[in-house]
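K.L.:
sequence and computational prediction follow.
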Amino acid sequence: MNQHIKTVSYFFIFLFLVLFLGCANNEDKNDAAKQDQQPNTGINPFDKKELTVNVFKIDSTDVNGTKGWGYDIFVDGNPYVHQPNIPAVMGNSGFGSEEKARKTGEFIVSKIKNNIIPPSVTPEELDSLGVLN
């Protein structure tokens with residue numbers, strides 16, 4: 001009986017350690033993801049630049065099967081981002097409207113202006129912007 005209690009005790013200690021270390025590892029990943037979206041504290045190379053958003057319509061399936069709207073971001077008139085489909089979501093669909101593409105492009109520009117480089121976007125951010133189809 002004493003051996004059985006010892007075995008059960010070891011099992012629960014092992015289980016506790018696995019759960020504890022697994023949770024700690026997830027917190028580290030979440031912290032890393034949040035840091036990716038934090039402004040870089042260094043000099044912002046885009047501080048004095050003109051950033052513009054141009055929206056375009058894709059109505060041909062010749063472009064990766066994409067239909068809808070996309071956006072380009074220009075820095076001082078030079079192409080910087082070309083986004084013909086909705087970023088951060090599965091598939092090659094374009095945005096459902098010109099307004100949704102523009103809103104997303106302007107959101108990305110705000111990240112660039114705040115020195116969040118690369119200016120990635122998450123599905124949650126797109127959802128909060130109301131731009132998902």
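P.N.:
Here it is on my side, so go on.

K.L.:
wait, a strand at residue 41?
P.N.:
No - judged by DSSP: H, G, I helix; E, B strand; the rest coil, residue 41 forms no part of a strand; its state is coil.

K.L.:
this protein: helices as residue ranges?
P.N.:
Ranges of helices in the chain, per DSSP state H, are 2-36, 98-113, 123-129.

K.L.:
what about this protein, any weak spots by pLDDT?
P.N.:
Scanning the chain for pLDDT under 70 picks out the ranges 1-2, 4, 6-37, 61-66.

K.L.:
90 - rerun?
P.N.:
Counting by pLDDT under 90, the chain has low-confidence residues at 1-44, 47, 58-67, 91-93, 117, 133.

K.L.:
please name the nearest non-neighbouring residue to residue 91.
P.N.:
Leaving aside its sequence neighbours, residue 91 sits nearest to residue 85 (Cβ to Cβ, 6 or more residues apart in numbering; 7.3 Å). All C-beta spots, glycine's among them, are computed from the backbone N, C-alpha and C.
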